[in-house]
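Undergrad: Dropping the sequence and predicted coords here.
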Amino acid sequence: MSPLRILAGELNVGYFESKKLELQELLLLLNKQKSALETSINYIKRSDGERGLLSFEEQMEAAKEAMKHITQERKIGVPWLAKAYDDYFELQERGILSHLQKKSQPAIKAAEIVREYSRLRRDAERRARIAESLLAYYEYVAPFLVDLKEEAEDLDATDSAIPQDFSEEELADEVTGFLTKDEYHNLSVSERNQLALDRYWSRPKSKSTIGRMYERYIGYIFECQGYSVEYHGIFEGFADLGRDLICETEAEAVLIQCKNWSHFRRIHEKHIFQFFGTVFEYRDSHPARKVRALFYTSTEVSDLARRFSRQLGIELFENVKLQQYPCIKCNVSHRTGERIYHLPFDQQYDRTTLDPKRGEFYCLTVRQAEELGFRRAFKYRGTSGPLF
């Protein structure tokens, strides 16, 4: 049997197996919902208006908690489920309205207010559930959206600079994000550059920052092997189509996707499919180029994803953790021959490529770079000249 037919068989078997499990879980969920709804409807039908309002509210809250528990077992991204919720809670609220209207001293006005606010709340909740369902579906179809959501949620988690009263000129130096004003003014240039670099590694970071550091680390590994590395993911963001790194030699191009995730999260087949799609597009647009596809992750890959990777020709590198490495780029200017070093938070860091044949390399400390005759890159603002 041809490799293509074997792949097609694997895809069909995997697809239908997963669909079968989804349908079985959906059927179980629907049966539980049916039971919960029947219990609720029977309760409301038995209400004779004499039961205490507090008792009814307690029953309603208990029923709501039961429904929440059911849905936590399996999230289904379908709009009709939101409608089922809406109908369910409407039945519950009818019980309260009935009690307000039929008790010995009816509260008609209160019942009207409850009815209106209940309608508004149900409408808002229904819209929110539909939005959540659609988002879950889109995240399944396009896995990179999960990363986008996590980055948006992570915006104000960490990475904040030390708040200091620096001048505008001093703020042009990125080390001010890591130092106090006293440190900046009292330390030598070399000392404050090294202290800022140390804190770059040690301080808490957002997930997006750690993701960029992981891409740089994998890129560093390939640069040390003689590849020219384009940090495509850093420059293109979520428009990178899953190609975080493009590593090239005369003989080949290596496309790499990097996933620095927590150890308890796994890479699933949808991530492999997405990466294969971008690899296919690159190969199609570079038909004469030998192209390899590598997937680096700090965690593990599911068994099914591993099988698909083998069939699709994607090389997996699992449990590759981010390590502190010599990250100072020592570069020789093509125009002037000046020897310049770049720290990871400098403006041109990711655009600076190193050529060992020209005496360019990575080093670990500021002192090492300066002893070899390199100075830190100047920062410019318009045409006004160097600021430090």
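TA: Structure received.

Undergrad: C-alpha from now on. contacts and neighbour counts both.
TA: Noted.

Undergrad: Show me where the stretch 101-250 of the chain dips below the pLDDT cut-off.
TA: Where the stretch 101-250 of the chain drops to pLDDT under 70, the residues are 101-122, 124-126, 128-164, 235-242.

Undergrad: mind running it again at 90?
TA: Applying pLDDT under 90 to the stretch 101-250 of the chain flags residues 101-174, 176-177, 180-181, 203-209, 211, 232-243.

Undergrad: any idea where the strands of it begin and end?
TA: 228-230, 245-248 (DSSP state E, counting those that start in this stretch).

Undergrad: what sits against Tyr362?
TA: Shown in contact with Tyr362 (C-alpha atoms under 8 Å, 6 or more residues apart in numbering): 326-330.

Undergrad: again but with Tyr184, I slipped
TA: 176, 192.

Undergrad: Try it again at 10 Å.
TA: 166, 170, 175-176, 178, 191-193, 195-196 (C-alpha atoms under 10 Å, 6 or more residues apart in numbering).

Undergrad: got a markdown table for those residues, with neighbour count and distance to Cys363 too?
TA: Listed next are the contacts of Tyr184 as a markdown table, based on neighbours: other C-alpha atoms under 10 Å; distance: C-alpha to C-alpha, whole Å:
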| residue | neighbour count | distance to Cys363 |
| --- | --- | --- |
| Phe166 | 13 | 29 |
| Glu170 | 15 | 26 |
| Val175 | 23 | 18 |
| Thr176 | 21 | 22 |
| Phe178 | 23 | 20 |
| Glu191 | 15 | 16 |
| Arg192 | 20 | 17 |
| Asn193 | 23 | 14 |
| Leu195 | 18 | 16 |
| Ala196 | 20 | 16 |
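
Undergrad: now, which of those lie within helices?
TA: Assigned to helices by DSSP state H, the following of these qualify: 170, 191-193, 195-196.

Undergrad: So which of the strands of the stretch 101-250 of the chain is nearest Arg127?
TA: Nearest of those to Arg127, taken as C-alpha to C-alpha: strand 245-248 at 39.3 Å.

Undergrad: rewinding a little: and Asp123, which of the strands of the stretch 101-250 of the chain is closest to it?
TA: Per C-alpha to C-alpha, nearest to Asp123 of these: strand 245-248, 45.4 Å.

Undergrad: Partner strands of that closest one and their direction?
TA: strand 228-230 (antiparallel), strand 253-259 (antiparallel) (DSSP bridges).

Undergrad: for this structure, what spans make up the helices?
TA: 3-46, 53-73, 79-102, 108-141, 144-153, 168-171, 181-186, 189-202, 207-223, 232-236, 269-285, 303-312, 366-371.

Undergrad: any idea how far Asp350 is from Pro344?
TA: Taking C-alpha to C-alpha, to the nearest Å as the measure, Asp350 falls 8 Å from Pro344.

Undergrad: shared neighbours, these two?
TA: Residues touching both Asp350 and Pro344 (C-alpha under 10 Å, 6+ apart): 216, 329.

Undergrad: ok so, going back, if you rank the contacts of Tyr362 by neighbours, which is first?
TA: The most crowded member of those, judged by other C-alpha atoms under 10 Å, is Cys330 (28 neighbours).

Undergrad: Show me which residues of stretch 214-227 are buried.
TA: 214-220, 222-223, 227 (16 or more other C-alpha atoms under 10 Å).

Undergrad: coming back round to it: please name whichever of the strands of the stretch 101-250 of the chain is nearest to Val301.
TA: Comparing the strands of the stretch 101-250 of the chain by C-alpha to C-alpha, strand 245-248 comes nearest, at 19.7 Å.

Undergrad: Contacts for that closest one, please.
TA: 215-216, 218-219, 222-223, 226-234, 253-258, 291-294.

Undergrad: List the buried residues for it?
TA: So, applying 16+ other C-alpha under 10 Å, buried residues of strand 245-248: 245-248.

Undergrad: Can you give the domain ranges for this structure?
TA: Domain assignment for the chain by automatic domain parsing gives 25-141, 207-317, 328-376.

Undergrad: Show the end-to-end separation of the last one, please.
TA: When the termini of domain 328-376 are compared using C-alpha to C-alpha, they are 10 Å apart.

Undergrad: for it, what is the average pLDDT?
TA: Averaged across domain 328-376, the pLDDT comes to 92.

Undergrad: Mind listing what's buried along stretch 304-318?
TA: Applying 16+ other C-alpha under 10 Å to stretch 304-318 flags 305-306, 308-309, 311, 314, 316 as buried.

Undergrad: Report the rounded mean pLDDT for that stretch.
TA: Stretch 304-318 comes out at a mean pLDDT of 95.

Undergrad: related to what we said a few turns ago, the strands of the stretch 101-250 of the chain into JSON lines, with extra columns for distance to Arg376?
TA: Output for these, formatted as JSON lines (distance: least, C-alpha to C-alpha, whole Å):
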{"stretch": "strand 228-230", "distance to Arg376": "22"}
{"stretch": "strand 245-248", "distance to Arg376": "26"}
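
Undergrad: Those strands: which one's closest to Asp284?
TA: strand 245-248 (15.5 Å).

Undergrad: Could you identify the most distant pair in the contacts of Tyr184?
TA: Among these, the pair separated by the greatest distance (C-alpha to C-alpha) is Phe166 and Glu191, at 18.2 Å.

Undergrad: just checking, Asp173 touches Phe378?
TA: Yes. Judged on C-alpha atoms under 10 Å, Asp173 makes contact with Phe378 at a distance of 9.0 Å.

Undergrad: Looking at these two, which one has more neighbours?
TA: Asp173 (18 against 15).

Undergrad: and the more buried one, how far is that from Glu371?
TA: For Asp173, the distance to Glu371 equals 22 Å [C-alpha to C-alpha].
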